[in-house]
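Chemist: model the following, please.
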Amino acid sequence: QVQLVESGGGLVQAGGSLRLSCAASGRTFSYAMGWFRQAPGKEREFVAVIKWNGRNSGYADSVKGRFTISRDNAKNTVYLQMNSLKPEDTAVYYCAADRTRYSYTASEYDYWGQGTQVTVSS
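Modeler: From the prediction side, this is the model:
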């Protein structure tokens with residue numbers, strides 16, 4: 001069984017930066033790992049994904065050039081570096097693990113963390 005625990009969220013001013021971490025228990029080194037977010041009253045949306053080997057990654061258009069996903073398989077940890085934050089980035093951010101795919105679709109992920117709140121003030 002895989003458990004995911006996110007950390008690093010908080011309150012930041014527009015233009016600022018945060019780095020989210022997702023610590024995994026269990027054997028996730030072969031899994032694709034993704035970040036999703038959900039703002040109040042909105043559906044959960046894809047943010048970024050990284051392949052098991054860290055060599056391939058993908059981003060939502062809304063965060064491309066501002067966010068960077070990375071992973072350290074030795075530490076079973078995935079990161080999301082968020083720069084140039086905007087108020088519209090405010091959401092609960094979720095880490096997820098996908099055993100067999102490299103997907104932008106939330107329903108295809110097998111494991112989820114509890115989420116960490118990111119609030120960007122204007």
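Chemist: give me the low-pLDDT residue ranges for the chain?
Modeler: By pLDDT under 70, the chain has no low-scoring segment.
Chemist: can you pull out the strands in it?
Modeler: Ranges of strands within the chain are 3-7, 10-13, 18-25, 32-38, 45-50, 57-59, 67-72, 77-82, 91-98, 111-112, 116-121, based on DSSP state E.
Chemist: just name the most buried of those.
Modeler: strand 32-38 (a mean of 25; mean count of other Cβ atoms under 10 Å). (Each C-beta comes from the backbone N, C-alpha and C, glycine too.)
Chemist: hmm, back to that, dump the strands of the chain into a markdown table; add distance to Thr105 as well.
Modeler: Output for those, formatted as a markdown table (distance: least, Cβ to Cβ, whole Å):
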| stretch | distance to Thr105 |
| --- | --- |
| strand 3-7 | 18 |
| strand 10-13 | 28 |
| strand 18-25 | 18 |
| strand 32-38 | 9 |
| strand 45-50 | 7 |
| strand 57-59 | 12 |
| strand 67-72 | 16 |
| strand 77-82 | 18 |
| strand 91-98 | 9 |
| strand 111-112 | 13 |
| strand 116-121 | 21 |
